[in-house]
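Colleague: sequence below, structure please.
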Amino acid sequence: MIVAIEPLDRADHSAQHDSNTAGKRTMPMDAYRDGDQLIVNLDIPGIDPDSLELNVENNVLTVKASRPRPKIEDSQWLVSERLHGTFTCQLHLTDGLDLDNIQADYDRGVLTIRIPVAEGAKARRIEIGGSETSGAESVAS
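Modeller: Numbers count the residues shown, from 1 in each chain. Presented below is the predicted three-dimensional model:
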C-alpha cells in the first residue's frame with residue numbers, strides 16, 4: 001500500500017549549523033490500515049501549519065514542511081540540536097488507494113493523513129459456484 005522514501009535533496013543545507021544533527025531531516029512515521037483507510041502519522045513538531053505542503057502526483061505523496069532557525073541578534077549559539085530548515089518526505093502509494101479524497105490534519109506536532117482505500121481494492125466475498133450434482137454427468141449413447 002505504501003513505501004516511504006527519502007529524497008536525495010531533502011534538506012536546506014544553508015540553515016544547518018555545526019551540530020550532531022546536521023543532515024538529519026526525517027519525519028518519523030507510523031502507517032497502518034484502519035478499516036477502509038490508510039492512516040499515516042508524521043511527527044513534525046514546531047512546524048507552522050502554514051508552511052506545510054502536501055502534493056500528490058503519479059501515486060507519489062510529497063509532504064514538505066519548514067522550520068526556520070530563529071534569528072538571535074547579539075547572541076552566540078552554544079548548542080543547536082533542534083532541526084531547522086526544510087523537511088521533505090515522499091510516499092509511493094499503490095493504485096488501490098483513492099488519491100482524490102485524501103484528508104490531512106495537523107495537531108500537536110503530528111500530521112495525520114487519511115487516504116481511503118479505492119472501491120475496487122476493498123475486500124469482498126466471492127461466491128463459489130458449482131453443479132448441484134456431484135460426480136460426472138452420464139452421457140446417453
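Colleague: pLDDT-wise, which helix or strand of this structure ranks last?
Modeller: Least confident helix or strand, the chain: strand 2-5 with a mean of 68, by mean pLDDT, DSSP states H and E.
Colleague: quickly list what Ala104 is bridged to.
Modeller: Beta-bridge pairing of Ala104 under DSSP bridges involves Ile113.
Colleague: mind listing what it touches?
Modeller: By C-beta atoms under 8 Å, 6 or more residues apart in numbering, Ala104 lies in contact with Leu52, Leu54, Leu111, Thr112, Ile113, Arg114. In this view, the C-beta of every residue, glycine as well, is placed from N, C-alpha and C.
Colleague: what's the burial count for the fifth one?
Modeller: With neighbours defined by other C-beta atoms under 10 Å, the count for Ile113 comes to 21.
Colleague: wait, it touches Leu99, no?
Modeller: No - with contact taken as C-beta atoms under 8 Å, Ile113 and Leu99 are classed as non-touching, separated by 11.2 Å.
Colleague: pull up the overlap in contacts between these two.
Modeller: Both Ile113 and Leu99 are in contact with Leu61, where contact means C-beta under 8 Å, 6+ apart.
Colleague: strands of the protein, start to end?
Modeller: Defined through DSSP state E, the strands belonging to the chain, from first to last, are 2-5, 29-34, 37-43, 53-57, 60-67, 85-93, 103-107, 110-116.
Colleague: nice, that's everything, thank you.
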